[in-house]
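Participant: Pasted the sequence and its predicted model underneath.
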Amino acid sequence: MFGAFLYIKGTSFDVVNSMSPSYVMDIIENIASGSRSYNVPPGTALTAQAFMDTPTYSGTKEPTITVSGTTVSWSGTSTAYKIIVWAG
């Protein structure tokens with residue numbers, strides 16, 4: 001199984017993935033540059049996006065992110081940004 005799951009207590013109903021055709025694969029934080037490869041569910045494509053979890057860093061440059069097949073690469077990430085990786 002892939003991604004994040006949230007079940008209603010006492011059931012096998014997955015609330016998160018019942019409403020979304022996407023699977024959260026990873027959240028990358030505090031790593032300035034690098035790459036990671038993932039096992040992507042069949043029929044999905046990998047996507048990555050930077051987001052600022054503390055919007056007080058207004059002058060901070062957004063990191064460069066590339067996706068090639070099942071590998072995500074990034075550089076220039078500051079502590080102001082996290083990268084979320086998902087397949088959908």
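Facilitator: Noted; the coordinates are in hand. Numbering: from 1, shown residues only.
Participant: neighbours around Ala45, how many?
Facilitator: Using other CB atoms under 10 Å, the number of residues around Ala45 comes to 11. All C-beta atoms are positioned from the backbone trio N, CA, C, and that covers glycine.
Participant: ok, it - contacts?
Facilitator: By CB atoms under 8 Å, 6 or more residues apart in numbering, Ala45 lies in contact with Ala87, Gly88.
Participant: again, 6 Å this time
Facilitator: If a contact means CB atoms under 6 Å, 6 or more residues apart in numbering, then Ala45 has no contacts.
Participant: ok, Phe13 to Tyr7 distance?
Facilitator: 6 Å (CB to CB, to the nearest Å).
Participant: Nearest residue to Gly88 in space, please, no chain neighbours.
Facilitator: The spatial neighbour of Gly88 that comes closest, neighbours along the chain excluded (CB to CB, 6 or more residues apart in numbering), is Ser22 at 3.3 Å.
Participant: The one you found and Tyr81: what is the separation?
Facilitator: 20 Å.
Participant: now do Thr66
Facilitator: Distance, Thr66 to Tyr81, using CB to CB: 15 Å.
Participant: Look at Ser22 and Tyr81 and report which has more neighbours.
Facilitator: Neighbours were counted for Ser22 and for Tyr81 using other CB under 10 Å; Tyr81 has more, 22 against 16.
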